[in-house]
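S.K.: give me a 3D structure for the following:
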Amino acid sequence: MNATPVLVEVKAGSSPAPVNPGAEGVLPVAILGSSALDVRGIDASSMRLGVGEAAPRNGAHIDDVNGDGIPDLTLQFPTQDAGVQCGDTAIIVSGRTTSGATIAGFDSIRTVGCP
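M.R.: Residues are numbered from 1 along each chain as shown. Modelled structure (predicted):
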């Protein structure tokens with residue numbers, strides 16, 4: 001896959017983001033907009049998270065999660081569907097733009113709640 005890289009923040013504001021692989025909730029993931037990426041051109045329904053290729057739930061939200069004045073795209077993925085395993089240190093998100101270009105990015109995570 002020859003994907004255009006995008007900047008990603010899992011649980012914006014925490015680095016590395018704590019992820020409990022057994023959690024039954026959702027994992028918020030922001031795709032950061034930039035002068036080179038207008039997130040309004042991302043096909044939110046195409047986005048997938050982790051090795052489990054979790055699909056987003058609860059729609060997509062446009063807001064400025066990192067305070068740089070540029071809109072970001074926030075999606076929520078079912079945590080258990082993402083396929084995070086205890087000890088994982090990164091997670092990838094991938095998908096397409098509305099024009100069909102493939103995009104992908106990753107963020108550092110730390111697993112919590114593991115035996």
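S.K.: mind checking which helix or strand the residue nearest in space to the middle of the chain is in?
M.R.: The residue lying closest to the centre of the chain (Cα atoms, centre = their mean) is residue 29, at 3.5 Å. With secondary structure defined by DSSP states H and E, residue 29 is part of strand 26-32.
S.K.: does anything pack onto that strand? Which helices or strands?
M.R.: Here strand 26-32 touches strand 7-10, strand 42-49, strand 72-78, strand 102-111, going by 3 or more Cβ pairs under 8 Å, 6 or more residues apart in numbering; DSSP states H and E. To be clear about C-beta, it is placed using only N, CA and C from the backbone, and glycine gets the same treatment.
S.K.: give me the sheet partners of the third one and which way each runs.
M.R.: Going back to what we said before, that points to strand 72-78. Paired strands of strand 72-78, with direction, are strand 26-32 (antiparallel), strand 57-63 (antiparallel) (DSSP bridges).
S.K.: could you dump the first one to PDB, C-alpha only?
M.R.: What that stands for is strand 26-32. Extracted in PDB, the C-alpha atoms of strand 26-32 (Å, rounded to 0.1, in the frame of the first residue of the first chain):
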ATOM      1  CA  VAL A  26     -14.700   3.500  22.200                       C
ATOM      2  CA  LEU A  27     -11.200   4.800  21.400                       C
ATOM      3  CA  PRO A  28     -11.200   8.400  20.100                       C
ATOM      4  CA  VAL A  29      -8.800   9.000  17.300                       C
ATOM      5  CA  ALA A  30      -8.100  12.400  15.700                       C
ATOM      6  CA  ILE A  31      -6.600  12.800  12.200                       C
ATOM      7  CA  LEU A  32      -4.900  16.100  12.400                       C
END
